[in-house]
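Student: 3D model of this:
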Amino acid sequence: MMMNWILFWCLITLPLATILLFASKILSRRRNKKRAVGFFHPYTNDGGGGERVLWCAVKAIQEENPDLDSVIFTGDHDASSQSLMSRATDRFGVHLLYPPKVVHLNKRKWIEETTYPHFTMIGQSLGSVYLSWEALSKFTPLYYFDTSGYAFTYPIARLFGCKVICYTHYPTISLDMISRVRQRTSMYNNDALIAKSMWLSRCKIIYYTVFIWMYGMVGSCAHLVMVNSSWTLSHIEKLWRIPERIKRVYPPCDTSGLQALPLERSVETPKIISVAQFRPEKAHGLQLEAFSAAIKKLDEDLPRPKLQFVGSCRNKSDEERLQNLKEKAVQLNIYEDVEFHKNLMYRDLVRLLGGAVAGIHSMIDEHFGISVVEFMAAGAIPIAHNSAGPKMDIVLDEDGQQTGFLAQSIEEYGDAILKILRMPEAERLKIAAASRRRANRFSERRFYDDLKAAIRPVICHSS
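Tutor: Sure thing, here's the model as predicted:
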């Protein structure tokens, strides 16, 4: 009988003791918060627009609040204060005022796509909770700034007593995604097997519905939400339901440096550039097929163009995707007309942009499209997907003048390429000039000003 009572007592007290232990640690952390802004960005080597936002946000806060330390939570173990500062300069042309401190994370595998062959979205989201717990246990800042879209970490940050700020590039899930599952449309985020099955599609709708509810709950924990476009703003307002805390802050685009490039381009071999990470949603295959279709219709008296792919590879899957693109170019008999540039330095990217007559971008529902703005600032006429950011914010007329082309199908992309190749030089220069003026709306300077204005009430009114 005595042993039973002891066992019963242990079953009750041990979990309680564990909870109290964690609670005491959290309370201790809450009392010992450092005067710092902790940037939660587990991948500081992805090379995309999200990383540019990170470094520009760090610089903006260093300028606005020099008394606050900048701390980067990263899973890249080779990252150091100096290497990250150099990377910001070399890769993105962003000059930080002083090196950020670094907190290394050992549990990044819990947010990696390969860890969750199924139910990837919920797996990565719950994995981010674990990763943020590790981050905040190692260092608890006064302000927690998520620049990677891990909304499930916000309740954890608030539990540790942090003010939560986020810059959301796109919603983890959107109402459009549920709509596509209902319509049983096969895409990179809706497997063909599920799209073909009514029963599996219904199960996925239930899964998405539950996830949307959870996503709305955790997102509403943020004290300040900055979004990068009108499209993202619309979705986040519907999902998180905190419109008074949401601000649209267009992402930083290097318009000033690129606008120094001359608008005149060599016509001997017209260059068409594509700038995007080698990820499935970027639809590089469509670009190859559209380019091939354009070449087949090319007038005999016109010079043969060249397509230049510029992008970064985050992992083995991206490397395989790049190799598959090379093989596809061979199959389409255009390999000699295509160049592949991986993980370029910023200065080399600028050089290529300065030689391109057009820039092509084909992601469906691209939340914003920094590379589209970079095309425009550099004088390369954009050909972008007719949806989301490019459609709603970027490729719009400027003073009544066309600034680029919007397309959806392979045929539409191919026709847009042909129009630019056949265009008289005077007309091309007219569109390129209007496109460059349009790009002024998305400058780094505007990002710094808008971000500082957005964070001022949160930082100034915090203890």
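Student: skipping adjacent residues, who's closest to the residue nearest the centre of the chain in space?
Tutor: Nearest residue to the geometric centre of the chain (CA atoms, centre = their mean): residue 50, 4.2 Å. In space, residue 50 comes closest to residue 169 once its chain neighbours are excluded; the distance is 5.8 Å by CB to CB, 6 or more residues apart in numbering. Any C-beta I mention is one placed from the backbone N, CA and C, and that applies to glycine too.
Student: check whether that neighbour really touches residue 232, as I assumed.
Tutor: Yes: taking contacts as CB atoms under 8 Å, residue 169 lies within contact range of residue 232: 7.0 Å.
Student: neighbour count for the two, which is higher?
Tutor: Just comparing residue 169 and residue 232: by other CB atoms under 10 Å the higher neighbour count belongs to residue 232, 26 against 22.
Student: so who does that one touch?
Tutor: For residue 232, the contacting residues are 168-171, 367-368, 389, by CB atoms under 8 Å, 6 or more residues apart in numbering.
Student: repeat that for residue 252.
Tutor: Neighbouring residues of residue 252 by CB under 8 Å, 6+ apart: 52-53, 56, 442-444, 447-448.
Student: and what of residue 361?
Tutor: 274-276, 369, 371-372, 375, 382-385, 390.
Student: top of these by neighbour count?
Tutor: residue 375 (33 neighbours).
Student: other SSEs contacting the helix or strand where that one lies?
Tutor: Using DSSP states H and E, residue 375 falls within helix 370-378. Helices and strands touching helix 370-378, by 3 or more CB pairs under 8 Å, 6 or more residues apart in numbering; DSSP states H and E, are helix 49-64, helix 255-258, strand 271-275, helix 346-353, strand 356-360, strand 381-385, helix 425-439.
Student: and that helix, how far out from the chain middle?
Tutor: In terms of CA atoms, centre = their mean, to the nearest Å, the centre of helix 370-378 is set 15 Å apart from its chain centre.
Student: stretch 151-165 too?
Tutor: With CA atoms, centre = their mean, you get 21 Å for stretch 151-165.
Student: who touches that stretch?
Tutor: By CB under 8 Å, 6+ apart, the list of residues contacting stretch 151-165 from outside reads 26, 29-30, 33, 37-38, 40, 125-126, 128-129, 131-133, 136, 140-146, 166, 168, 172, 214-215, 218-219, 221-224, 226, 455, 458-459, 462.
Student: whichever of those end up buried, select them in ChimeraX.
Tutor: Here is the ChimeraX selection string for the buried members of the contacts of stretch 151-165, based on 16 or more other CB atoms under 10 Å:
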select :26,29,33,37,38,40,125,126,128,129,131,132,133,136,140,141,142,143,144,145,146,166,168,172,215,218,219,221,222,223,224,226,455,458,459
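Student: the contacts of stretch 151-165 in strands, which ones?
Tutor: Residues of the contacts of stretch 151-165 located in strands (DSSP state E): 37-38, 40, 141-146, 166, 168, 224, 226.
Student: quick check: the two most widely separated of those?
Tutor: Farthest apart among the ones in strands among the contacts of stretch 151-165 by CB to CB are 142 and 168. That separation is 21.0 Å.
Student: show me what contacts residue 69?
Tutor: Contacts of residue 69 (CB under 8 Å, 6+ apart): 34-37, 100-101, 141.
Student: of all these, which comes closest to residue 308?
Tutor: In terms of CB to CB, no member of these lies closer to residue 308 than residue 100, at 32.8 Å.
Student: how many residues are close by the nearest residue to the closest one once chain neighbours are set aside?
Tutor: Closest residue to residue 100 apart from its sequence neighbours, by CB to CB, 6+ apart: residue 70 at 4.0 Å. Residue 70 has 25 neighbouring residues, counting by other CB under 10 Å.
Student: tell me the angle whichever helix or strand residue 70 is part of makes with strand 141-146.
Tutor: Here residue 70, judged by DSSP H and E, is contained in strand 69-74. Between the axes of strand 69-74 and strand 141-146, defined by axes from the mean of the first three to the mean of the last three CA atoms, to 10 degrees, the angle is 50 degrees.
Student: neighbouring strands for strand 69-74, and are they parallel or not?
Tutor: With DSSP bridges as the test, strand 69-74 is paired with strand 34-40 (parallel), strand 101-104 (parallel).
Student: burial-wise, tell me which of those strands comes out on top.
Tutor: Most buried of the strands paired with strand 69-74, by mean neighbour count (mean count of other CB atoms under 10 Å): strand 34-40, with a mean of 22.
Student: so who does the residue nearest to residue 50 touch?
Tutor: For residue 169, the contact set (CB under 8 Å, 6+ apart) comprises 49-50, 53, 149, 228, 232, 251, 367-368.
Student: what do you get if the cut-off is 7 Å, keeping everything else the same?
Tutor: Residue 169 is in contact with 50, 149, 228, 367, counting by CB atoms under 7 Å, 6 or more residues apart in numbering.
Student: give me the mean pLDDT for stretch 210-223.
Tutor: Per-residue pLDDT values over stretch 210-223 give a mean of 96.
Student: list the contacts of that stretch.
Tutor: Outside stretch 210-223, the residues touching it (CB under 7 Å, 6+ apart) are 121-122, 151-152, 154-155, 158, 163-166, 172-173, 239-242, 245, 458.
Student: which ones among these map onto helices?
Tutor: Among those, DSSP state H puts 121-122, 154-155, 158, 239-240, 458 in helices.
Student: got a PyMOL select line for the buried ones in those?
Tutor: The command below creates a PyMOL selection of those among the ones in helices among the contacts of stretch 210-223 that count as buried (16+ other CB under 10 Å):
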select buried, resi 121+122+154+155+158+239+240+458
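Student: show me which of the ones in helices among the contacts of stretch 210-223 is closest to residue 306.
Tutor: Checking those one by one against residue 306 (CB to CB), the nearest turns out to be residue 121, at 38.1 Å.
Student: low-scoring pLDDT stretches of the stretch 251-400 of the chain, where are they?
Tutor: Across the stretch 251-400 of the chain, nothing is flagged by pLDDT under 70.
Student: test my guess that residue 70 contacts residue 60.
Tutor: No: using CB atoms under 7 Å, residue 70 makes no contact with residue 60, being 10.4 Å away.
Student: thinking again about what came up before, now for the contacts of residue 69: which two are most distant?
Tutor: Among these, 35 and 100 lie farthest apart (CB to CB), at 14.3 Å.
Student: all good on my end, thank you.
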